[in-house]
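Colleague: got a predicted model here, sequence first, then my questions.
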Amino acid sequence: MSTRRLTVAAAVVEFLKRQFISRDGREHRLVHGVMGIFGHGNVAGLGQALDEHGGRDLPYLQPKNEQAMVHTAAAFAKARRLGTYACTTSVGPGATNMVTGAATATINRVPVLLLPGDVFASRMPAPVLQQLESPLSQDMSVNDCFRPVSRYWDRINRPEQILTALPEAMRVLSDPAETGAVTLALPQDVQVEAYEYPAHFFDARVYVVPRPRPDAEALAAAAALMRGAQRPLIVAGGGVFYSEAEGALRALTEATGIPVAVTQAGKGTLPDDHPRCLGAIGVTGTSSANRLAAIADVVLVLGSRLSDFTTASKTQFQHDRVRFVSVNVNAADAAKHGALPLVADARAALADLSAALTGHRVKTDHDQAIADARGEWEEARGQVLHPARREASLLHQAEVIRVLNDACGPRSVIVHAAGGLPGDLHKLWRSRGDGDYHSEYGYSCMGYEIAGALGVKMAHPEREVYAVVGDGSYLMLNHEIVTSLQEGHKITVVLLDNHGYQCIHNLQRACGSDGFGNEFRERDPQSGRLTGENVSVDFPANARSLGAAAFVASTEDELARALDQARQETRTCLVYVPIEPRAPLAGYSWWDVPVAEESASADVQAARRAYQKAQRSRRFYY
């Protein structure tokens, strides 16, 4: 047998260079490159191997934060729909900084490959710098933290172990039903050990992503349910986007008239101006979608894991005999809430359902209910987007969304993740489709926005990409502005400054509190609390110090002008917009956030009574 003598690190690099993924005859790399920050745990292993063996086939990118680089890889994977990046770090804090990114990827069902350095497999120098010592086992390190947030986890303690570990890692990365973070912990001594690897181990491999079709018996049962429905509804989730099923969704809804409500991950799979699109559903939903969800008797769920925001903590669907039909490549997701499961690719399942429902059309009264609900929401939306306010007051977040929406062209992409922005954007943004709305809301991870925008831009360099971010998230992770400039990937950061975590502040007040710990204020010397003046941060100066162009906008006209100037720039830009801190939008459903059962505050007591009343509308779907 022909062999190649390589170090473990070099073998990993040579293997990754020859892994490809294919769907519908379109083939490209499974791992497009490696992002990494080096330390003693990987610089002489993977670092040396990337330098010697990587090249153009496996390029290296230099991020500025370990958590951020995983967000970038995940956003790239989501935007490309297939393929990802690998991320490598040293041992210790470099590794554990990636844990949040790993959880974000796994919860959102997108692939990333994590290659953290680890302590010595030989244990001879132990304890080494940054090693966690545990009385439970000498085989434990901080990399065990990745176990619960990874879809596949392995520690490579011998050189030959990669012969089985790497193919399994690739299988999980390329499988839409199982994908998420894949972690291969690499002890620093093992990385540099050499081994005679079979030469064919480095042959090119193509992982073909199939489109599994639904079981014929289950499909027939689903079609019968849909035909018998009086008020059917489709809930379109991220699975529609990942499977490139937008056209199939449009075909089904236009043929049958069944209306479509969208989750955060599914927004844009049917454009918001489509006459059958009801917009966002759930806690952050529109009045139109939530009203028809409340009376729906059959709900066709497409590629959604039905989180509490989609189901309004199981209060959204109120029909006495509501039934769910759930299409998902993941069997566990397909079976949630007692659904009739169709374990299948969304595009394949929609094609089969369309054929099974040939000639079927929703009833006239449901047609009218859809039109009425859309009309009423459009009127309400117009009022929200043009709020009444004092002439000298700051812009409302809704106004910023309107101006940005008007300024964005059909090939633009907005990226957002946490705070009040996802809820307002889910409701108000008018998506044109084609991946123009990129939301990380499975984990709602603060700090994702800028790093995520970079990943989207890497996936689609021809598109204008906007990171829409609050001041809290910006302060957490703004370093990838530097990486975007370094790599020549221009993004535009639209920073809305409301002096704190106002989304949670509003939630806190709704639960009976006057507000505590959620605004960026100086400490009051009299009370000893953080209730003094707003902390002053010069965000434009910060962005300029990182190399970005920066613009300030305090009015609608200034914002439109700043966005136009940013569009003309060739480098990363920041558009800074101070906004009204307390201007929450009305909600159209409930979210279960428990309120204190015992308190001396009359406001908390009242909030507790309201909470208990809302709980009574929760349903158990089975």
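Modeller: That came through, no problem. The structure displayed is predicted, hence computed values, not measured ones. Numbers count the residues shown, from 1 in each chain.

Colleague: distance from the chain centre to stretch 55-64, please.
Modeller: Relative to the mean C-alpha coordinate of its chain, stretch 55-64 is positioned 23 Å out (Cα atoms, centre = their mean, to the nearest Å).

Colleague: residues touching that stretch, excluding its own?
Modeller: For stretch 55-64, the external contacting residues (Cβ atoms under 8 Å, 6 or more residues apart in numbering) are 13, 16-17, 31-37, 50, 54, 69, 72, 85, 451, 479-480, 482-483, 486-487. The C-beta positions use only the backbone N, C-alpha and C, and glycine is treated the same way.

Colleague: ok, and for it, which residues are buried?
Modeller: By neighbour count with 16 or more other Cβ atoms under 10 Å, stretch 55-64 contains the buried residues Leu58, Tyr60, Leu61, Pro63, Lys64.

Colleague: quick check, nearest of these to Ser439?
Modeller: Pro63 (21.9 Å; Cβ to Cβ).

Colleague: now that closest one: closest residue in space, sequence neighbours ignored.
Modeller: In this structure, Pro63 finds its nearest non-sequential neighbour in Met69, 3.6 Å apart by Cβ to Cβ, 6 or more residues apart in numbering.

Colleague: please give the element, helix or strand, for the one you found.
Modeller: helix 66-80 (DSSP states H and E).

Colleague: likewise Ala418?
Modeller: Here Ala418 is assigned to no helix or strand, by DSSP H and E.

Colleague: go ahead and confirm it touches Ser473.
Modeller: Yes. When contacts are counted by Cβ atoms under 8 Å, Ala418 is listed as touching Ser473 (5.8 Å).

Colleague: identify the contacts common to the two.
Modeller: In contact with both Ala418 and Ser473: Met446, Gly447, Tyr448, Glu449, using Cβ under 8 Å, 6+ apart.

Colleague: hang on, the last one in a helix?
Modeller: To tie it back to what came earlier, the one meant is Glu449. Yes. Checked against DSSP: H, G, I helix; E, B strand; the rest coil, Glu449 lies within a helix.

Colleague: run a quick neighbour tally on it.
Modeller: 35 (other Cβ atoms under 10 Å).

Colleague: contacting residues for it?
Modeller: Val415, His416, Ala417, Ala418, Ala467, Val468, Val469, Ser473, Tyr474, Val493.

Colleague: redo those residues as JSON lines? Include secondary structure and pLDDT.
Modeller: Shown next, in JSON lines, are the contacts of Glu449 (DSSP: H, G, I helix; E, B strand; the rest coil; pLDDT from 0 to 100):
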{"residue": "Val415", "secondary structure": "strand", "pLDDT": "98"}
{"residue": "His416", "secondary structure": "strand", "pLDDT": "98"}
{"residue": "Ala417", "secondary structure": "coil", "pLDDT": "97"}
{"residue": "Ala418", "secondary structure": "coil", "pLDDT": "92"}
{"residue": "Ala467", "secondary structure": "strand", "pLDDT": "98"}
{"residue": "Val468", "secondary structure": "strand", "pLDDT": "98"}
{"residue": "Val469", "secondary structure": "strand", "pLDDT": "98"}
{"residue": "Ser473", "secondary structure": "helix", "pLDDT": "96"}
{"residue": "Tyr474", "secondary structure": "helix", "pLDDT": "97"}
{"residue": "Val493", "secondary structure": "strand", "pLDDT": "98"}
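
Colleague: got a markdown table for these, with neighbour count and distance to Pro584 too?
Modeller: Supplementary listing: the contacts of Glu449 in a markdown table, determined by neighbours: other Cβ atoms under 10 Å; distance: Cβ to Cβ, whole Å:
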| residue | neighbour count | distance to Pro584 |
| --- | --- | --- |
| Val415 | 28 | 22 |
| His416 | 30 | 17 |
| Ala417 | 30 | 18 |
| Ala418 | 23 | 15 |
| Ala467 | 32 | 22 |
| Val468 | 27 | 17 |
| Val469 | 31 | 18 |
| Ser473 | 25 | 18 |
| Tyr474 | 25 | 20 |
| Val493 | 28 | 23 |
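
Colleague: can you give the distance from the next helix or strand after the helix holding Met69 to the centre of its chain?
Modeller: Counting by DSSP H and E, the next helix or strand C-terminal to helix 66-80 is strand 84-89. Strand 84-89 has its C-alpha centroid displaced from the chain centroid by 18 Å (Cα atoms, centre = their mean).

Colleague: next helix or strand past strand 84-89?
Modeller: helix 93-96.

Colleague: pull the residues that contact that following helix.
Modeller: So helix 93-96 is contacted by 37, 39, 41, 66, 89, 116-118, 130, 142-143, 145-146 (Cβ under 8 Å, 6+ apart).

Colleague: out of those residues, who's nearest Tyr195?
Modeller: When those are compared against Tyr195 (criterion: Cβ to Cβ), the nearest one is Asp118, at 17.6 Å.

Colleague: contacts only, for that closest one.
Modeller: Here Asp118 is in contact with Gly41, Val91, Ala95, Ser141, Asn143, Arg155, Ala185, Leu186, Pro187, Gln188 (criterion: Cβ under 8 Å, 6+ apart).

Colleague: could you work out the most separated pair of those residues?
Modeller: Once Cβ to Cβ is applied, the contacts of Asp118 give Gly41 and Arg155 as the farthest pair, at 13.3 Å.

Colleague: neighbour-wise, which of the two wins?
Modeller: Under the neighbour definition other Cβ under 10 Å, Gly41 and Arg155 were set side by side, and Gly41 has more, 29 against 20.

Colleague: so the more buried one: helix, strand or coil?
Modeller: Gly41 - assigned by three-state DSSP - is coil.

Colleague: test my guess that it contacts Gly117.
Modeller: Yes. The pair Gly41 / Gly117 is scored as a contact, 2.7 Å apart, by Cβ under 8 Å.

Colleague: what is in contact with those two at once?
Modeller: Thr89, Ser90, Val91, Gly94, Ala95, Gln188.

Colleague: regarding the protein, what is its longest helix?
Modeller: As assigned by DSSP state H, the longest helix anywhere in the chain is helix 364-385.

Colleague: and that one, what's buried?
Modeller: Quick answer for helix 364-385 (16+ other Cβ under 10 Å): His366, Ala369, Ile370, Ala373, Arg374, Trp377, Ala380, Arg381, Val384, Leu385.

Colleague: quick one: the helices in the stretch 251-400 of the chain?
Modeller: Taking DSSP state H, counting those that start in this stretch, the helices of the stretch 251-400 of the chain run over residues 287-295, 308-311, 331-334, 346-356, 364-385, 397-407.

Colleague: hey, which helix or strand in this structure has the poorest pLDDT?
Modeller: helix 502-510 (a mean of 92; mean pLDDT, DSSP states H and E).

Colleague: can you list the domains in this structure?
Modeller: Using automatic domain parsing, the domain ranges for the chain come out as 3-208, 216-379, 389-499+535-578.

Colleague: endpoints of the last one, how far apart?
Modeller: Spelled out, it's domain 389-499+535-578. Chord length of domain 389-499+535-578, first to last residue, is 15 Å (Cα to Cα, to the nearest Å).

Colleague: ok, the longest one next?
Modeller: End-to-end distance of domain 3-208 (Cα to Cα): 27 Å.
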